[in-house]
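Enquirer: Next one to model:
(2 chains)
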Amino acid sequence: MSEAALAPFAWAVPKPYSRETMPPTTSGDAFVKWMVANRGESPHFLRQRFSRYQTLVANGDVLDDRNKRAFLLTPREEFTLEHHQGRAYDHAYLDIGFGVTISGPHVVSRMTSTIDVKMGEKVLEIGMGSGYQSAYLANLTDKVWTIEIIKPLAERTRGVYDALIARGYTEYTAITSKNADGYHGWQEAGPFDKIVVTCGIDHVPPPLLQQLATGGIMVIPVGPPGAQRLLKIIKEQAADNTIKVARSDMYGGRIVPFVPFTKLDGEAIKGTHNQR
Amino acid sequence: MRQRHGKGPLAGSAARFRTGAAAWLARAGLVARAGYDSTARRVRTFSAGPMTPHGTEPPAAGVELRPTASLYLSVGLVAGAVIALQIGIMRLFSVGSWAHFGSLVVSLAMLGFGLTSAIMCVRKGWFERHWQRVAMTSLLLFGPLMVAANLAAQQIPFNAIFLVSDPAQKWRLFGNFLLYMLPFLAGAFYLGTVFLKAQRIFGRVYFADLTGSGLCGLLFLGAMYLFTPENLLVVPLVLWFAGSALWCVAVERLRPIAWLCVTAVACAAVHFAAPAFDVPNLAVSDYKGVSYARKFPDAERVYERASPFGYLEVYSSSYLHFAPGLSDNAAFNLPAMPANAYLGLYIDGEGPSGIIRDLPANETAYFRFLPMIYPYLIKEAPDTFVVQFGGGISTAVALKSNSKSVTVAEGNPAVLGAFRNDKVLRDFTGDVLHNPKIKVIDYEGRLYLANTKDRFDIIDLSLADSAGLSNPGGFAIVEKFAYSREAMTSYMRALRDGGILSVTLWNKEEPPKSVLKLYATMAEAARQIDGGAITDRFFVTSSYLSTATVLYKRGGFTPEETTKLREHTRAMSFDEIYYPGFVYDSKDTASVLTDYKNSIFPDAPTEDPALPANGAKPPEGPPADNAPLPATTMGQMAWHHLVHGGWDDIARRYVFDTRLLTNDRPYFAAYVKPADLPRASDRLELLQDEWGFLLVWATLGIACIAALSLVLLPVAFGWRTIFSRNPGKFRTIVYFACLGAGYIMVEVGLISKFIQALSNATVSASVLITGMLVCSGFGSLVSERYFERARSIMPRIFLAIGALLIGYGLALDSVLDWIGTFPYALRLLFCFVLVFPPAFLMGFPMPIAMTSLSRLGKDHMFLWAWGINGCFSVVGAALVPVIATSFGLAAVLIFSGCAYLLAIVGFFAVLLPLAPAPARAAAA
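Expert: Now for the predicted structure:
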């Protein structure tokens, strides 16, 4: 369904979605007021989102206005389990059932900033999970494909998208999803400019490298959930026309200090969750 | 005249054994670890006299226990039920979530024995009057509590991976601890009551307790062949039922047997029927490897087998893909990867390890893109040795690379049994183990190579622990003898001239940890083989966040071979870490070391609340995509200094511990330097792969606090009142603390150490549990004959124990290597022989001392001493992995030996008579 076709059903969102709009970031109050007026979301979650946003900016996890906007416009609480909604904007990853987590906001933002998605680029996500990553991506481009291997989870998350679309989040019409083995990618929809892999495997699946466009970027988190390192793979064409793959981390070779799970107290960061 | 009664309850009695033993059983698929309450139990009923802190109690009422066979059997079976329950709970944690938490829960639950002891001490008179009712009620509750506690605990949604990020998880873990403590409390009350009433026949009751624990532990191991993990609870249930029925016979009250029968049937029915009502008796975490396989739409379990060597499951699914360390370039040089090429092997739900199909030649082209292909690039038609068969990938690569012969070793008999005997697996793998080119060694490759005269062109140790080293969720504290310096020297010596040792390890850690330990270990091994000249012996390559491969060649690589290997490395887009002639640019050394250190433990805390707590700032400037990655530089730096000198300084400056693996300290885990542990508390998620190590410290901390609280409890009653007439109080405390900690440390330490010769943690634990308990029980019985000469005999006993343990610490390494060369039956025999001398002698000190306290009328000290012994045995058990990972397994034995030597000082304080009563009291 196109965004236009869905417009009559957008009863829950006061104003139609526009890719040109940017909520104010001068203050939390201004942000909340704008979002309530334009998106009809809960001020409670909006305040938490803005607090986390400030931390993301301070930490360099979101680097440009497009990514800042994508974070601010994505209602993370909609993609968590109901009993975890109160912790939706914690630093931590959260359980979403089926042995799957929703990554913490810092990881998602860093990863998305790293692949630098531009409007119109085709992005493939392997491991749809909660749906938050693709929802975030849908604010950056209108071409997102996502695959989930666990059927009930794929169906549940598709249901979340459909419900949100029905409420007026028409940007999620950019997301095409299916339940399948992500190892094989999505041949018919490729090649992709960017690929995000969020599931573990002992090698990079060759089909994904084949479906990655030359000059494209793939990112794969490696390691335990709380301390994942991001493997960044760039597919390049050498001068002799041979295709090469370069591995690096998301910081391009710099060692970056670890960020503990910060604890929010109102809009301020007070220590870490481990210290209470 | 003062009437002599049995001393108070023996709180931890059987308990202590169970913990330590079970702990190590669990690790092999069974266990994890726990504490063992050592020798304490044997004593309590020796003495008599008033027991409460505040005065004399009336004598016990009611009938006395008669020394019948049914009594001894009852004690042995119930004690056995307790140890079986311990191992069973740890198995449930191993299969359902993570073994280390099982150890933690069971260790802490063992403190329930201490609690029981304290209660019975305070209310000794009441328990003596109502002993029959207490014993019967305890027994009637024991079985139902096992089932009910387990069912309730399995409904608690505890998930280890959220322990740091979700505050609710800590309470859920605590809930597990409380629930599982309940049945142990019931068992402890029964045993305590029996000991209380059986003082005159204590020696035999105590022996029944010990042998019951030891033999039922062995029985449980056998039962693991029959029952899947969720139904192992049946074993303690059966033991409980039999022990309870025999108790009824012993006290000549047969009517309750009918109730017992009804209760037992109801327990079994509830346990087996609960899953049908969506109440699982084993809730497997969604985050276990096998849980994912079960969710694949086409998943089918094609093999299942329970045994002490782990709960093996094999799944087939088109969703399973393996190609460990595959070069990214395979994508542009191969038309396709073979479909349905693997089955997934899961042991205790962990995995998968790939079981490779018998692939036709046209589907094996991708082998060239695997790191394990390296040695075959420069060896034609080699005689190959595969150190660990695993799922068979290395073996398949060896066969397809034109090996003249392939000798494969596998230390897990359950894996070999599956490949040899199961039709589905035989068909899938082309019956690989019966391939005429293949010779199978059915024990560990390192032991075979250490003792064979055969020589090989290629020895391959590739990703032998593929599941373990790649799993998110952390290293268990598990001995990796296959990667020790001694193992590496064995591999290197077993090479022909020009032969190649190829070791591939996961390289998925940033900052690097395991690979640096591997590098240091292999370089040191080569120095032992080749002296100082090792510059041309190594070729090392890695792939970022994938794998690292180290090649060692006897005699050194030729320039042509080096060139060929480098060309292949470039073709695969792997990183060059070291090769003969490699020149390291040291300009980045200081910055890489400093940056890595600051990335984990930054020196300057931030004052700005808007920034992360450690003062991290976002990187500035454009990313340097073309610069070598720090992990690559670190590997190159390591090899440069390992080969040319200066590694010690680099290791000291590096953020993590990179000490090499030895037979004495065979751990990849424990990479956080002890000095950094306090700073790790607010970044636990970053160290998630170190949680096994951090948990042993946490367990030690909790055990110390809990144990000290229990030990100090009597102080609340009055150091200067109830103990006022006890001379040498402090030294007496030291004595029993040394015994408690010393005994358990020997047991748990030896279980780890004996794996070196027995290859298997389960078998090692069996030998140690049964051997130690029975030998100590025997020593305890014999000690009675020497009681009158204790003052002169015991110092010699302590000296002998100390000398034996310190000697074992220093010499056991080479002895176990030697034992490892014999057929398995002889190895078992030799190990029993090794256990006997110290275990027999260690059966003396506790009963001698407790009997002395009893005869001297030091009643309160008697009870307190028993509690001190029990508490320090819990602390000692928690101390073992800490000492082993920090200083080595030899240090555990040496430490234990010193504890027994120190006990000599305390022993003479135990023999001091009570001081005369104050005049006023005397007059009264």
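Enquirer: Chain B contacts on the stretch 1-150 of chain A?
Expert: Proximity of the stretch 1-150 of chain A to chain B, by Cβ under 8 Å from any Cβ of the partner chain, involves residues A:54-55, A:58-61, A:87, A:90, A:92-95, A:97-100, A:149-150. Every residue, glycine included, has its C-beta placed from N, CA and C.
Enquirer: Could you check how many residues crowd around B:L226?
Expert: A count of nearby residues for B:L226, using other Cβ atoms under 10 Å in any protein chain shown, gives 12.
Enquirer: Nearest spatial neighbour of it, chain-adjacent residues omitted?
Expert: Closest residue in space to B:L226, ignoring its immediate chain neighbours: B:A306 at 7.5 Å, by Cβ to Cβ, 6 or more residues apart in numbering or on different chains.
Enquirer: Any idea what the one you found is bridged to?
Expert: Beta-bridge partners for B:A306, by DSSP bridges, are B:Y311.
Enquirer: Can you name the residues that contact it?
Expert: Listed by Cβ atoms under 8 Å, 6 or more residues apart in numbering or on different chains, the contact set of B:A306 reads B:224-229, B:312.
Enquirer: Same check on B:S886?
Expert: B:670, B:674.
Enquirer: go with 6 Å
Expert: Residues in contact with B:S886, defined by Cβ atoms under 6 Å, 6 or more residues apart in numbering or on different chains, are B:P674.
Enquirer: Longest strand in the chain, please.
Expert: Just so you know, I chose chain A. Taking DSSP state E as the criterion, chain A has its longest strand at strand A:212-222.
Enquirer: My question was about chain B, not that one.
Expert: strand B:495-507.
Enquirer: got the buried residues for that strand?
Expert: Neighbour-count burial for strand B:495-507 flags B:495, B:499-507 (criterion: 16 or more other Cβ atoms under 10 Å in any protein chain shown).
Enquirer: how about the helix or strand that it is followed by, does it reach chain A?
Expert: If you walk from strand B:495-507 toward the C-terminus, the next helix or strand you reach (DSSP states H and E) is helix B:514-530. No: Helix B:514-530 is not in contact with chain A by Cβ under 6 Å from any Cβ of the partner chain; minimum separation 12.6 Å.
Enquirer: roughly how far is helix B:514-530 from the heart of the chain?
Expert: In terms of Cα atoms, centre = their mean, to the nearest Å, the centre of helix B:514-530 is set 25 Å apart from its chain centre.
Enquirer: can you check stretch B:374-383 too?
Expert: Stretch B:374-383 has its C-alpha centroid displaced from the chain centroid by 38 Å (Cα atoms, centre = their mean).
Enquirer: Quick check: buried residues in it?
Expert: Per 16+ other Cβ under 10 Å, stretch B:374-383 contains these buried residues: B:374-376, B:378-379, B:382-383.
Enquirer: start to end distance for that stretch?
Expert: For stretch B:374-383, the first-to-last residue distance is 15 Å (Cα to Cα, to the nearest Å).
Enquirer: Let me see the mean pLDDT of it.
Expert: Taken as a whole, stretch B:374-383 has a mean pLDDT of 95.
Enquirer: And for it, what's in contact with it?
Expert: For stretch B:374-383, contacts defined as Cβ under 6 Å, 6+ apart pick out B:401-405, B:456-458, B:500, B:502, B:549, B:551, B:561, B:564, B:568.
Enquirer: again, only this time at 7 Å
Expert: Residues outside stretch B:374-383 that contact it (Cβ atoms under 7 Å, 6 or more residues apart in numbering or on different chains): B:401-405, B:456-458, B:460, B:500, B:502, B:549, B:551, B:561, B:564-565, B:568.
Enquirer: For chain A, tell me which of these show up nearby.
Expert: When Cβ under 7 Å from any Cβ of the partner chain is applied, no member of the contacts of stretch B:374-383 is adjacent to chain A.
Enquirer: ok so B:I577 is a helix residue?
Expert: No: in this structure, B:I577 is strand, not part of a helix, as judged by DSSP: H, G, I helix; E, B strand; the rest coil.
Enquirer: burial count for whichever residue of the stretch 1-150 of chain A sits closest to chain B?
Expert: Using Cβ to the nearest Cβ, the closest approach of the stretch 1-150 of chain A to chain B is made by A:G60 at 2.2 Å. The number of residues packed near A:G60 is 19, by other Cβ under 10 Å.
Enquirer: And it, what's its pLDDT?
Expert: So, for A:G60, pLDDT stands at 82.
Enquirer: Next, format the contacts of B:A306 as JSON lines and append distance to B:S97.
Expert: Below are the contacts of B:A306 laid out as JSON lines (distance: Cβ to Cβ, whole Å):
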{"residue": "B:M224", "distance to B:S97": "19"}
{"residue": "B:Y225", "distance to B:S97": "23"}
{"residue": "B:L226", "distance to B:S97": "24"}
{"residue": "B:F227", "distance to B:S97": "19"}
{"residue": "B:T228", "distance to B:S97": "17"}
{"residue": "B:P229", "distance to B:S97": "12"}
{"residue": "B:L312", "distance to B:S97": "18"}
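Enquirer: Thank you kindly, that will do.
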